[in-house]
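A.B. asks: Test case, fold it:
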Amino acid sequence: MAYCFDDEPMEFWELVEPFPQVVADYIASGGPIMAHNASFEADIFDFVIAEDYDITPPKREQWQCSMVIALANGHPAGLGELAKSLCLPLQKQEHGTRLIREYCAVNFKDIFLPQFEADRELMKEYCVFDVEVMREAVKRMRDLTPTEWAEYHLTEKINDKGLPVDLNLCRSALMYSNELNEDASKEISRITDGKMTKHTQRKARDAFVLPRLEQHHLDLISVYKKGEKKLSFDQEHRKYLLDCDDLDHEVRELLEYIDAAGSSALKKYAVAVHCEVDGHVHHTFQFHGAQTGRFSGRGLQPHNMRRDAYPNDEAEALISDIIAGYEIEQPGRTMARLLRSMITHPDGVYFVDWSNIEGRIAPWISADSRAQARIDLFAAGADLYKRSAMSMFGIPTEDLVDDNQRQSGKVAELSLGYGGAKGALTRMAKNYGMVIPEHEAENIVTLWRSANQWAVDIWHEFERAAEDAVNSPGVPFKAGRCTYQRDDDYLWCMLPSGRVLAYAFPDVEYIDDPWGGRYKATFQTPVKPAKDAVGRVRAHLRGALIFQNAVQACAADILRGALLGCDEAGLDIRLHCHDEIMGVGPEDDGERLNTIMLTTPNWADGLPLATGGVKWAKRYGK
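C.D. replies: Sure thing, here's the model as predicted:
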């Protein structure tokens, strides 16, 4: 273990030596401890060092994480990529990957034999150098505020408690999946007369499927990549086809078996089985996983579990059949829809979600008087999608809006609010079984933007504010309820909550675009560049994009605040997913959660929050 205090020289401790008393004393004093990916270091102290060396491990509140600081400053999470992103004079040493694999991974060498003495010195050097890199990186970045650290520590508390999972279901699903893959391969070969023998053979699949599709089926799986029209058979587009009542029977069979053989849902059951401890899966949430401050998922990835979960009774019946080994229909889709039901607790689980939270935040954060009418609609509990259709199609009253027009209003609202055009509209329409012709899509985009001129104007306002801030360091520029200001290395966006978003190393560059190109404000993204790329990945500070960032960040702040409120109220929260919070306990606790989620933060005066009410069951669902 390499360690140091502030800027003092680096020290090194090996397991064969007594644990350093100066470190034990510091831990006992309650002082903060910085580490990269601190949750891993905390577990090592809790479950290894504390037991082997009879010391009291640090409290979770003592840990501070340089990886989280990096994420909050718009940099990559990995220490090596962070050092490159910051252009540090110290860079993470490449031989560390080999040393970790050989001495710290499964089946590792537990001692340095004489012939590997050079590796011992390399390991020490690698360990010391990593801490040096981390110390230098932290100096170059904004520290988190006390509130942000409190939110981080609460995330670790939730991670430590873990998600309770149904191990009988998960193990049965895995046993079933092995049989499923074998059966799927046999059936795929049978259906295609041996032209396909496994689900990954794309050319043979296309040769079998495409002649059996009608034009409207082809429209459902059409995508545009770099302006070129192509067909996609990914999981999302297979779902569009399977939702069609008139799909050729053999095509339906084949796609169902392809789904069964390649089900990503089954991987989540595998994670639950392989990572559980006492029936719980831990370390599921990454604090500030996205640049906006949203959480991201680890392991089980609860953020991308299908939302069309089965009702509790139906789920229980299916789970009983799976555990008993019975054959189930559409196994790939069934297993995916049961993922949420995998999360269960004998005391029951309660869950509450906010209603259209981003749709409410967007007009509110714009601070545009023309958007107040939309905020008033939310406050009055009106049907936004019908009102949108009324504005788009010139319909005088809600009762005259038919189902197709309301569906068009819904698709437009969900796809066009962040600068999306006809491509975004048609992709979203497919999620609802709609095929919108190109000329009609262009018309709907025009109608929606005309009815929501405040949205178009706020995209431009955000872009101007960001560009002006990049060009005038130290000068603040307002955009809606946000403020942009640049210092030497960052463009900061001050959110209504007081938290800031970071855009690293802003600059003005000439960028080609379909309109002939112009000089635009850019920033360095946390994305890892391709192996043959020169320099880091940079992106345009496009108005609609940074407006979307601000809206999502505001939603994240509301979620963070609600989680702190739940902790203060003593609620046992185990899961959260952008607009939803789940806890363990009686339904009355769910009512307390609902009250917390309906409480508008003091910085969000005038923002009308609403929820879908409390749901309580033995299993998580929707």
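A.B. asks: So the spatially closest residue to Arg370 that is not a sequence neighbour: helix, strand or coil?
C.D. replies: Taking C-beta to C-beta, 6 or more residues apart in numbering, and ignoring the residues beside it in sequence, Arg370 has Trp454 as its nearest neighbour in space, at 4.2 Å. C-beta coordinates here come from the backbone N, C-alpha and C atoms, glycine included. Assigned state for Trp454: helix (three-state reduction, DSSP: H, G, I helix; E, B strand; the rest coil).
A.B. asks: can you count the residues close to Trp454?
C.D. replies: Here the count is done by other C-beta atoms under 10 Å, and Trp454 has 20 residues near it.
A.B. asks: same check, this time on Ile365
C.D. replies: Around Ile365 sit 26 other residues, with neighbours defined as other C-beta under 10 Å.
A.B. asks: What of Lys225?
C.D. replies: Lys225 has 8 nearby residues by other C-beta under 10 Å.
A.B. asks: Just grab the bridge partners of it for me.
C.D. replies: Per DSSP bridges, the residues bridged to Lys225 are Glu228.
A.B. asks: got it, and Arg486?
C.D. replies: On the basis of DSSP bridges, Arg486 takes part in beta bridges with Leu491.
A.B. asks: so what's it up against?
C.D. replies: Under the criterion of C-beta atoms under 8 Å, 6 or more residues apart in numbering, the contact partners of Arg486 comprise Ala469, Val470, Ser472, Pro473, Gly474, Trp492, Pro506.
A.B. asks: Would you agree His282 is in contact with Lys157?
C.D. replies: No - between His282 and Lys157 there is no contact under C-beta atoms under 8 Å: 11.3 Å.
A.B. asks: With neighbour numbers in mind, choose between the two.
C.D. replies: Regarding His282 and Lys157, a neighbour count based on other C-beta under 10 Å identifies His282 as having more, with 19 against 14.
A.B. asks: And the more buried one, its phi and psi?
C.D. replies: phi -110, psi 170 (degrees, to the nearest 10).
A.B. asks: what's near enough to touch it?
C.D. replies: Asn159, Asp160, Lys161, Gly162, Leu163, Cys275.
A.B. asks: any idea how far Gly423 is from it?
C.D. replies: Spatial separation of His282 from Gly423 under the definition C-beta to C-beta, to the nearest Å is 40 Å.
A.B. asks: got it, and Ile33?
C.D. replies: Ile33 sits at a distance of 48 Å from Gly423 (criterion: C-beta to C-beta).
A.B. asks: sec struct for Arg574, please.
C.D. replies: Three-state secondary structure (criterion: three-state DSSP) places Arg574 in strand.
A.B. asks: shouldn't it be in contact with Lys157?
C.D. replies: No - the pair Arg574 and Lys157 fails to qualify as a contact (C-beta under 8 Å) at a distance of 10.6 Å.
A.B. asks: Top of the contacts of His282 by number of neighbours, please.
C.D. replies: Neighbours here are counted as other C-beta under 10 Å. On that basis the top member of the contacts of His282 is Leu163, with 27 neighbours.
A.B. asks: That one and Thr284 touch, don't they?
C.D. replies: Yes - contact between Leu163 and Thr284 holds when scored by C-beta under 8 Å: they sit 5.7 Å apart.
A.B. asks: shared neighbours of those two, which are they?
C.D. replies: Residues touching both Leu163 and Thr284 by C-beta under 8 Å, 6+ apart: Leu300, Pro302, Leu575.
A.B. asks: which one of the residues you listed sits closest to Ala261?
C.D. replies: Ranking those by separation from Ala261, with C-beta to C-beta as the measure, puts Leu300 on top at 21.5 Å.
A.B. asks: hang on, the earlier thing: can you list the contacts of His282 in TSV and add secondary structure, distance to Ile44 and pLDDT?
C.D. replies: Formatted as TSV, the entries for those read as follows, by DSSP: H, G, I helix; E, B strand; the rest coil; distance: C-beta to C-beta, whole Å; pLDDT from 0 to 100:
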residue	secondary structure	distance to Ile44	pLDDT
Asn159	helix	15	96
Asp160	helix	14	95
Lys161	helix	19	96
Gly162	coil	18	96
Leu163	strand	22	96
Cys275	helix	17	91
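A.B. asks: Name the residues that touch stretch 291-305?
C.D. replies: Residues external to stretch 291-305 that are found in contact with it (C-beta under 8 Å, 6+ apart): 71-72, 74, 155, 163, 268, 271-272, 275, 281, 283-290, 339-340, 343, 499, 501-502, 525-526, 549, 552-553, 555-557, 559-560, 575-578.
A.B. asks: Any idea how far apart the tips of that stretch sit?
C.D. replies: Using C-alpha to C-alpha, to the nearest Å, the end-to-end distance of stretch 291-305 comes to 21 Å.
A.B. asks: Let me see the contact set for Leu575.
C.D. replies: Under the criterion of C-beta under 8 Å, 6+ apart, the contact list for Leu575 reads Leu163, Thr284, Pro302, Ile343, Phe351, Ile581, Met582, Tyr620.
A.B. asks: on that earlier part again, so of the contacts of stretch 291-305, which ones are in strands?
C.D. replies: Leu163, Val281, Phe285, Gln286, Leu501, Ala502, Leu575, His576 (DSSP state E).
A.B. asks: what pLDDT does the residue sitting nearest the centre point of the chain get?
C.D. replies: Compute the mean C-alpha point of the chain, and by C-alpha atoms, centre = their mean the closest residue is Ser296, 3.7 Å away. Listed pLDDT for Ser296 reads 93.
A.B. asks: and it, how far is that from Arg619?
C.D. replies: As judged by C-beta to C-beta, Ser296 and Arg619 stand 24 Å apart.
A.B. asks: try His95
C.D. replies: 47 Å.
A.B. asks: So those two - more neighbours on which side?
C.D. replies: For the pair His95 and Arg619, the greater number of neighbours falls to Arg619 (22 against 12), based on other C-beta under 10 Å.
A.B. asks: The more buried one pairs with what?
C.D. replies: In this entry, Arg619 is beta-bridged to Thr344, by DSSP bridges.
A.B. asks: my guess is it meets Asn312, correct?
C.D. replies: Yes - in this structure, Arg619 sits in contact with Asn312. The criterion is C-beta under 8 Å, and the distance is 5.8 Å.
A.B. asks: hmm, back to that, give me the buried subset of the contacts of stretch 291-305.
C.D. replies: 71-72, 74, 155, 163, 268, 271-272, 275, 281, 283-290, 339-340, 343, 499, 501-502, 525-526, 549, 552-553, 555-557, 559-560, 575-578 (16 or more other C-beta atoms under 10 Å).
A.B. asks: my guess is Ala466 is in a helix, correct?
C.D. replies: Yes - with three-state DSSP as the criterion, Ala466 is assigned to a helix.
A.B. asks: Distance check, the closest residue to it other than its chain neighbours against Asn471.
C.D. replies: The shortest distance from Ala466 to any residue other than its chain neighbours is 4.5 Å, reached at Leu541 (C-beta to C-beta, 6+ apart). From Leu541 over to Asn471 the distance is 12 Å, taken as C-beta to C-beta.
A.B. asks: any common contacting residues for these two?
C.D. replies: Taking C-beta under 8 Å, 6+ apart as the contact criterion, the common neighbours of Leu541 and Asn471 are Ala521.
A.B. asks: What segments of the stretch 51-200 of the chain are strands?
C.D. replies: If you assign secondary structure with DSSP state E, counting those that start in this stretch, the strands in the stretch 51-200 of the chain sit at 63-65, 163-164.
A.B. asks: cool, and the stretch 301-450 of the chain?
C.D. replies: Listed in chain order, the strands found in the stretch 301-450 of the chain under DSSP E, counting those that start in this stretch are 344-353.
A.B. asks: Tell me where the model's unsure across this protein.
C.D. replies: 105-116, 177-180, 226-227, 262-264, 514-515 (pLDDT under 70).
A.B. asks: what's around Met175, how many residues?
C.D. replies: Per other C-beta under 10 Å, the neighbour tally for Met175 reads 13.
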